[in-house]
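K.L.:
what would the 3D arrangement of this be:
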Amino acid sequence: MATVKDEKYSPQSLECPICKSIFNNPKILQCLHSFCRKCLESYDVIGAGTNSIVCPLCRKLTPIPSEGAHILPSNFLLTNALDHLSVKSSKEYTLHCTNCEDEAAATSRCLECAEFLCSNCVLAHRRIRVTKDHRILSLDTLQADKQTLHRPSFCSQHADEMFMFYCVPCDCLICRECTILDHRGHKYAGLKEALEERKILIDERLSFCIEEKIPPVQDALHEVKAMAAKLRARAEAVKSEICATAEECVKRIVSRKQEILERVDTLEQEKEAVLLIQQNQLETELFKYTSSRDFVENVVLHGNEVEIIQLRQLMLDRLNELNAVKLDYKEPEENDVIDYILDTEAVENVATTMGRIASSVTFTALCSTQGLGIKSGKVGVESSFVVETKDRFGNTSVEGDHACPVQVKVQAPEGFFLGNKVTNNGDGSLRVRYTPVTHGKHILHVEIREREIEGSPFSVNVVEGIDYTKAGPTFMKIGSQGTKSGEFKQPCSVITDKEGNIYVTDFVNCRVQKFDALGKHLEDFGSRGSKDGQFQNPCGILVDANGIIIVSDWDNHRVQLFSPEGKFIGKFGAKGAEDGKLNHPAGLALTKDGNLLVADKDNHRVQLFKMDGTHILTFGSHGNEDGELNSPNHVAATEDNGCLVTDTENNRIVKFDCAGKFDSSFGGKGSGNGQLDRPAGIAVDPEGFIIVGDFQNHRVQIFQPDGKFYSAFGSEGDGEGEFKFPGGVALTKDGRVIVADRHNHRVQVF
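P.N.:
Here you go, the predicted structure:
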């Protein structure tokens, strides 16, 4: 038998929170808080629009049974504790018999009937057949052994029978009569056996509540209280600073001093009010968990089998409800930022310029960053990003530099920190600028008042490359019109290998030419024809990690593979519209997993192949709707294994995901920034920027990873940096842009 812990049941803990008197027939709500039955029946706080009562302690709604509040579960812990305290106090005052109306002094208690008995009732109890076998203990015995007095629980169907068993299929307590009548043939278990099995789930839920729910709320409450203390301390420190300044300025600043002090008080009150609200909310949240914890622990500790099983589902429901709540306590909703800023001209005009109060409403947890500077960068090119500040309500926080200090640290791979500049835009945002000086992974920390902003620290991939906004001057030109080695007739596509060599498909001359990184001709292979290793207008070109050269053979409607030395080693494809067949294959691209994308131009689609020519996937069809294509010219693979396609006759760039599903598109016919006129070549740099050969606009355009226009260079002509129908584009190892200047019969490097 469990014993009563007196410290758990002080006189105060046995008072009803509503009437402030000792509990009388205490009933339990779904939140596990208890109140007198009569108090609940007369309580006037009812949930709006519901037949429910609002708990005065935690505000949870509990539906009122149609039969009335008396149907709510009784709190046997409290009734047992009250009985125990009555027995304990019987030495100090007379405890009357509750079985008769003579008001005789009680000498004993019947444990089965839960009645205090006088000596006459004890004799009568032992004579009557129904009660002669009941356990009757004297008050002296009860006082000595300090055992909890458990009131019996009787079957609702058979009033004289106590619960003795647990029916497994019906999930309820039953008496001996029930096993013969209502639950005949059902599987049932003894109370101890049933409790052992079902107590496991209670223990699990209770442990989860104790370990996973209560500590975060306690931590959040502690942090809020600590911030409130810091706020008060900071406010006092600021007041002292103000007073020290005021004393130096004597009488002329008294009125100004008072004004500023009042401002500090106001700020403190406003901030503390916010913190107190949050504190109260957290204390209420914590109370929900701790009170439920205490209740369940007491039930498990002090209850007998019947009582625990009676309340099992109620406790499980409450624990499940509490444990299902998602906790999201990030930080105090206010801060201790109250600073006193001394005006440097105070000596000259002390009466009106003694300083001012600076505060902040910025809530770090809701602030965010956006911009490429938190993801990628280029050596020697300024990177930037924007910090968007918010208050605790999610509204833009417009403050001065002092009130919202943003600390930024950019650490290079070598360990040193880069300088950076933070500019307050005056609209609740701040722009951060820095310039990487080495390539590799940089670590970027963004903090507001020593708290990391969401996502910080960021990993920034810095690569070698050119500043696209300054592109235009030609770094190198290769070739001129002709048929000799090193000369071209309409160069179509370009690519580089891992050594930096440049490969060019010489479209009309039906060959592939290879140059070193400085533009020196090394070799060429191929000739006009349809035999293995011959071409009818080679178009797209790739070089894989092993040096294998892949070429799309335009008018032979196939793809050919060559060794690093230019020797034919394989082919696939033939003219047709079925999967695996081709109709003027153009641009090529390699996915991250080593498969080959082919722009099947006159079939108005893209096909994906293994390197041995096995068909994997086809996507796109003729048209101008989302996911449709009209003469796709070139393709490029993205970091996420997606595909970018120059949808030439639709004058746009279309993105598909790795499964060939339409993702997005950008562009549109025209000559303005971001508009296209029969786009041809396409490439993607390590930062995700998209380089496009804008064929009939005679220029190259660069788009941000999200498709927004970034910059452009080039114009129509045959001078340096000018184009006549630029086709394929590619990138060198150091990030320079290579362009097949098709009708100028040359290749330009920028």
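K.L.:
the residue lying closest to His521 once chain neighbours are set aside: neighbour count?
P.N.:
Distances taken as C-beta to C-beta, 6 or more residues apart in numbering place Gly486 nearest to His521, at 4.0 Å, with adjacent residues excluded. For every residue, glycine as well, the C-beta is placed using N, CA and C. Neighbours of Gly486 under the rule other C-beta atoms under 10 Å: 16.
K.L.:
what is the end-to-end distance of stretch 107-115?
P.N.:
Distance between the two ends of stretch 107-115: 11 Å, counting by C-alpha to C-alpha, to the nearest Å.
K.L.:
what comes up buried for it?
P.N.:
Judged by neighbour count (16 or more other C-beta atoms under 10 Å), stretch 107-115 contains these buried residues: Thr107, Ser108, Arg109, Cys110, Leu111, Cys113, Glu115.
K.L.:
wait, which of these is closest to Glu161?
P.N.:
Glu161 lies nearest to Cys113 out of the buried residues of stretch 107-115, by C-beta to C-beta, at 13.9 Å.
K.L.:
can you list the strands that the strand ranked longest in the chain pairs with?
P.N.:
Longest strand of the chain, by residue count under DSSP state E: strand 440-448. Applying DSSP bridges, strand 440-448 is found paired with strand 406-411 (antiparallel), strand 451-452 (antiparallel), strand 458-463 (antiparallel).
K.L.:
between these, which one is closest to Ala69.
P.N.:
For these, proximity to Ala69 was assessed by C-beta to C-beta; strand 451-452 is nearest, at 48.3 Å.
K.L.:
show residues contacting that closest one.
P.N.:
The contact list for strand 451-452, computed with C-beta atoms under 8 Å, 6 or more residues apart in numbering, reads Glu331, Thr364, Ala365, His445, Val446.
K.L.:
how about the strands in the stretch 651-750 of the chain?
P.N.:
For the stretch 651-750 of the chain, the strands defined by DSSP state E, counting those that start in this stretch cover 652-656, 662-667, 679-684, 690-694, 699-703, 709-713, 726-731, 737-741, 746-749.
K.L.:
packing partners of the fifth one?
P.N.:
Put plainly, it is strand 699-703. strand 690-694, strand 709-713, strand 726-731 (3 or more C-beta pairs under 8 Å, 6 or more residues apart in numbering; DSSP states H and E).
K.L.:
one more time with 7 Å, if that's ok
P.N.:
Using 3 or more C-beta pairs under 7 Å, 6 or more residues apart in numbering; DSSP states H and E, the elements in contact with strand 699-703 are strand 690-694, strand 709-713.
K.L.:
out of those, which is closest to His134?
P.N.:
If you check each of these against His134 by C-beta to C-beta, strand 690-694 wins as the nearest, at 89.3 Å.
K.L.:
give me the pLDDT value at Thr62.
P.N.:
Thr62 is assigned 87 on the pLDDT scale.
K.L.:
just the element for it, please.
P.N.:
In this structure, Thr62 sits in strand 61-63 according to DSSP states H and E.
K.L.:
which residues are contacting that strand?
P.N.:
For strand 61-63, the surrounding residues in contact (C-beta atoms under 7 Å, 6 or more residues apart in numbering) are Leu29, Gln30, Cys31, Gly47, Thr50, Asn51, Ser52, Ile53, Val54, Cys55.
K.L.:
what are the buried residues along that strand?
P.N.:
Leu61, Thr62.
K.L.:
just how off-centre is it within its chain?
P.N.:
Distance, stretch centre to chain centre, for strand 61-63: 32 Å (C-alpha atoms, centre = their mean, to the nearest Å).
K.L.:
next, the buried residues of stretch 562-573.
P.N.:
Phe562, Gly566, Lys571, Phe572, Gly573.
K.L.:
what about it, start to end distance?
P.N.:
This stretch, stretch 562-573, spans 15 Å end to end (C-alpha to C-alpha).
K.L.:
mind checking the pLDDT average for that stretch?
P.N.:
Stretch 562-573 shows a mean pLDDT of 97.
K.L.:
and stretch 691-706, by the same measure?
P.N.:
Taken as a whole, stretch 691-706 has a mean pLDDT of 96.
K.L.:
flag the shaky bits of the stretch 151-300 of the chain, pLDDT-wise.
P.N.:
The stretch 151-300 of the chain contains residues with pLDDT under 70 at 151-152, 251-254.
K.L.:
how about the strands in it?
P.N.:
163-167, 172-175, 188-190.
K.L.:
helices and strands around the shortest one, which ones?
P.N.:
Just to be clear, that refers to strand 188-190. For strand 188-190, the elements it packs on are strand 163-167, judged by 3+ C-beta pairs under 7 Å, 6+ apart.
K.L.:
convert the strand it packs on to PDB, retaining C-alpha atoms only.
P.N.:
Once non-C-alpha atoms are left out, strand 163-167 reads as follows in PDB (Å, rounded to 0.1, in the frame of the first residue of the first chain):
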ATOM      1  CA  PHE A 163     -14.000  -4.000  -9.400                       C
ATOM      2  CA  MET A 164     -12.000  -7.100  -9.400                       C
ATOM      3  CA  PHE A 165     -10.900  -7.700 -13.000                       C
ATOM      4  CA  TYR A 166      -9.900  -6.000 -16.300                       C
ATOM      5  CA  CYS A 167     -11.700  -6.900 -19.500                       C
END
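K.L.:
do a quick rundown of the strands in the stretch 1-150 of the chain.
P.N.:
Using DSSP E, counting those that start in this stretch, strands in the stretch 1-150 of the chain cover 26-28, 34-36, 52-54, 61-63, 108-110, 115-117, 136-138.
K.L.:
export the ones you listed to JSON lines and tack on distance to Val217?
P.N.:
Shown next, in JSON lines, are the strands of the stretch 1-150 of the chain (distance: least, C-beta to C-beta, whole Å):
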{"stretch": "strand 26-28", "distance to Val217": "23"}
{"stretch": "strand 34-36", "distance to Val217": "22"}
{"stretch": "strand 52-54", "distance to Val217": "21"}
{"stretch": "strand 61-63", "distance to Val217": "21"}
{"stretch": "strand 108-110", "distance to Val217": "42"}
{"stretch": "strand 115-117", "distance to Val217": "43"}
{"stretch": "strand 136-138", "distance to Val217": "44"}
